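Colleague: my questions concern the predicted model and sequence given below.
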Amino acid sequence: MTAMGRLKPIFLVSPRYRNEVAAAIESCGQPVVAARRARDAERRFAQSGASLAVVDARGALSSGLDVARAISGTVEVMGGALLILLSRGDADALTQAYEAGATHFLMSPFGVSELAQAIRFAERLVRRVAACQLDDLSRTEATVETTPLWRWQTGMAEIRVTPAFAVLLAVGHDVERLRLHTLWRMLDAEGRLLARDALRRLLSSGRPTAFAHRITIGGRVSRFAHHLRLDRDDEGHVLGISATVEDLEAASVERRQSSNFDQLTRLANAGALRQWIDARLGGRSPYDPAVILLLIAIGRFDEINAAYGRNVGDALLQAIATRIGRMIDDDDGENALVARLGGAEFAIALDGPVTLNDAAFLAQRLGTSFERPFLCEGHLVHLTCRTGIAVGEASLPSGEILLRRASAALAQAKDQEPNSYQVYLGDAEGDALKERATLESDLYRAISEGDITILYQPQVDIGRQKIVGVEALARWQHPRLGVLSAETLLSVAERAEILAPLGEHILAKALESAARWPDTLRDVRLSVNLGAADLVADEFDTRLLQRVAASGFDGRRLTLEVTEGSLIENLERAASMLANFRSHGLRIAIDDFGTGYSSLAYLKALPLDYLKLDKHLAQDIVGSPRDRIVVGGVIEMARSLDLGVIAEGVETEEQLQMLARAGCTLYQGYLCAPALTLDELVPFVEGWAATQSMA
């Protein structure tokens, strides 16, 4: 088999700047296998097929030196080189870097050209140590035979694979090509979603990226990571995509067979979690906080286990472990441990450097992920989770204290809505009340200082597979708790009785941003949400129309989404106000249809253009025959009234196909994309068409 690329990959570990350094190396024409965490670095370097390792210790000197020590022996045995990147303030650490095994160093500040030269110097050492007369292509071919790789060329329906990757897939050592759909079908639904997201990132940004997934081969579940990069010709034109594949399970089999790991889920057990935490507390960690612990309780598991039996319950626990594990696979933290504590309770421990913002954001992602059902043994199961978070200061004497704190926070979370989280703030009830008051005060300040940000979730025309609109979604970047969801934002605003000012603030920011959209988004509509406080405010329609006119954004591209709950109290007043909006060219959608009490009355009385199916109703399309009849009936009724139908929360190809067959015209959800910043939205829209042709 001929070589699938001209150069060996460079192995990179960068806790702080992985994406930036990987992109810089890739821009020099070098493929990269990049990691952010130090875990298993020695094995990952050996498996990558690289001869040169780059350890970026900037901003993470202690971790960087630990990585260098861990891999230096393997680098030496393989005749390789180790380049360490240091901050200017770490010049005194050069001796430590040398003793850790580095053969070359580069001190910041530096640019791409300086990094490229440092790599050239390091590669010269590799060539000399190798003492080999083979040219670069021959050496690469020798490496390729033992490195799992695949390559896709533009326009092809097949990928080329190396023997090593063919062996991993158990398709035979002599297989050189696989159809794209063959590999695609081997991924589960979540793996396909992660792959789609990674491909879109790669095509829109051009930067190397990666995704991890689980795959069942011969009855055994394995976990692979695909490190993706674009192949270009000498003029920079994209020829296709290459990937180096890591078998992430290879180093963990022995560990998982030990007494420290739960045999059912293959996660760490409670004993291993305590050991892991204790090793970082009591002044042993250079970071403060040293550890942040998340305890996760799964709701409704006992009744599902009783209803369907132990086999389904065990499969469900494994699926939960997989989903939680993927949160960590995608997380930006340097290190973490996921554990099952017993029953349906799990834990995630985050190692320093870590902040409460990181933990809160992770808890929000966990809550969002549990809004999706689990498919186990042919059963579609809806579960919930609640999370308690506790911070472990470096001086904390033991993990038992941290566990008690997290348990107290979890107990508070169990009194809240499903999929919510609580942070340990102390034992007194007064502390919780104080926290609520502080949040309300913080929200007043956030509105006045413009700290409420706007994200956009794309809406796709199903027939044309074209992004035709975006929904504006508010997020609050809290200085201590991190990014808070729209639900949390609205809950705090409701308690503080500032829903109306918040709504007008969000509308103003969305219009101001949309008025400056680049030409890429010239045909994209903007959807914004109106709430009950808006529709009962005096002269709200007049103020909104004046604000649209003043913004410069074409009102004919604006859709107002009104939730069912905001219409119940005064349907006649709402109908009059919405009719006024439509007379000025704005379009109206009824949002979250299927969750209220007067849905049919709304369709009859209100001037509407779109009906948006609530995400739970949309996802019922793949449920029982009765569910499908209900969803199909709603769609047919809307179409009979000449309304467009938008499905929210679409996450799988199966859901999309069945919704399309039922007559749904547009969709939004994670199958397309999560909520994006404007900087992410523009390249995403630009790369959408190319991505669809691949998938």
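Modeller: Nice, thanks for sending it over.
Colleague: and the pLDDT for the closest residue to residue 16 other than its chain neighbours?
Modeller: Once flanking residues are discounted, residue 16 sits nearest to residue 59: 4.4 Å by C-beta to C-beta, 6 or more residues apart in numbering. All C-beta spots, glycine's among them, are computed from the backbone N, C-alpha and C. Here, the pLDDT recorded for residue 59 equals 81.
Colleague: spit out the contact partners of residue 59.
Modeller: Going by C-beta atoms under 8 Å, 6 or more residues apart in numbering, residue 59 touches 15-17, 87.
Colleague: tabulate the residues you listed (a markdown table), appending secondary structure, neighbour count and pLDDT.
Modeller: Formatted as a markdown table, the contacts of residue 59 follow (DSSP: H, G, I helix; E, B strand; the rest coil; neighbours: other C-beta atoms under 10 Å; pLDDT from 0 to 100):
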| residue | secondary structure | neighbour count | pLDDT |
| --- | --- | --- | --- |
| 15 | coil | 23 | 80 |
| 16 | coil | 18 | 78 |
| 17 | coil | 18 | 81 |
| 87 | coil | 18 | 87 |
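Colleague: closest to residue 501 out of those?
Modeller: Nearest to residue 501 out of these is residue 16 (C-beta to C-beta; 38.4 Å).
Colleague: contacts only, for the closest one.
Modeller: 56, 58-60 are the contacts of residue 16 under C-beta under 8 Å, 6+ apart.
Colleague: out of those, list just those in strands.
Modeller: If you go by DSSP state E, the contacts of residue 16 have residue 56 in strands.
Colleague: for the contacts of residue 16, pick the one with the most neighbours.
Modeller: Among these, residue 56 has the most neighbours (other C-beta atoms under 10 Å), with 28 neighbours.
Colleague: any chance you could map the helices in the stretch 201-350 of the chain?
Modeller: With DSSP state H, counting those that start in this stretch as the criterion, the stretch 201-350 of the chain has helices at 253-256, 270-278, 301-308, 310-330.
Colleague: residue 347: which of the ones you listed is closest?
Modeller: Residue 347 sits nearest to helix 270-278 of all the helices of the stretch 201-350 of the chain, at 5.7 Å, using C-beta to C-beta.
Colleague: need the helices of the stretch 201-350 of the chain in CSV (columns: distance to residue 210 and mean neighbour count).
Modeller: Listed next are these as CSV, based on distance: least, C-beta to C-beta, whole Å; neighbours: other C-beta atoms under 10 Å:
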stretch, distance to residue 210, mean neighbour count
helix 253-256, 22, 11
helix 270-278, 25, 18
helix 301-308, 32, 15
helix 310-330, 10, 18
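Colleague: run a quick neighbour tally on residue 86.
Modeller: Residue 86 has 24 nearby residues by other C-beta under 10 Å.
Colleague: can I get the contacts of residue 16 in JSON lines including distance to residue 404?
Modeller: Shown next, in JSON lines, are these (distance: C-beta to C-beta, whole Å):
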{"residue": "56", "distance to residue 404": "37"}
{"residue": "58", "distance to residue 404": "37"}
{"residue": "59", "distance to residue 404": "33"}
{"residue": "60", "distance to residue 404": "30"}
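Colleague: residue ranges for the strands of the stretch 51-200 of the chain, please.
Modeller: For the stretch 51-200 of the chain, the strands defined by DSSP state E, counting those that start in this stretch occupy 52-56, 81-86, 104-107, 149-153, 158-161, 177-179.
Colleague: re earlier: between the contacts of residue 16, which sits nearest residue 119?
Modeller: Using C-beta to C-beta, residue 56 comes nearest to residue 119 of the contacts of residue 16, at 12.7 Å.
Colleague: which residues touch the closest one?
Modeller: Residue 56 neighbours (C-beta under 8 Å, 6+ apart): 12-18, 21, 64, 84-85.
Colleague: could you redo the last one with a cut-off of 7 Å?
Modeller: By C-beta atoms under 7 Å, 6 or more residues apart in numbering, the contact set of residue 56 is 12-14, 17, 21, 64, 85.
Colleague: neighbours around the closest residue to it other than its chain neighbours, how many?
Modeller: Sequence neighbours aside, residue 14 is the residue nearest to residue 56 in space, at 3.5 Å (criterion: C-beta to C-beta, 6+ apart). Neighbour count of residue 14, defined by other C-beta under 10 Å: 24.
Colleague: any idea of the pLDDT on residue 14?
Modeller: Confidence score, pLDDT, at residue 14: 87.
Colleague: give me the distance between it and residue 122.
Modeller: 16 Å (C-beta to C-beta, to the nearest Å).
Colleague: quick check: residue 512 vs residue 489, distance?
Modeller: 19 Å.
Colleague: of the two, who's got more company?
Modeller: Remark: of residue 512 and residue 489, residue 489 carries more neighbours, 21 against 15, as counted by other C-beta under 10 Å.
Colleague: which residues does residue 153 contact?
Modeller: 239-240.
Colleague: could you check how far it is from residue 168?
Modeller: Taken as C-beta to C-beta, the span from residue 153 to residue 168 is 21 Å.
Colleague: same check on residue 374?
Modeller: The spacing between residue 374 and residue 168, counted by C-beta to C-beta, is 27 Å.
Colleague: now stretch 171-186: average pLDDT?
Modeller: Stretch 171-186 comes out at a mean pLDDT of 76.
Colleague: how far is it from where the chain is centred?
Modeller: Centroid separation between stretch 171-186 and its chain, computed with C-alpha atoms, centre = their mean, to the nearest Å, is 27 Å.
Colleague: surely residue 154 meets residue 240?
Modeller: Yes - the criterion here is C-beta atoms under 7 Å, and residue 154 meets it with residue 240 at 5.2 Å.
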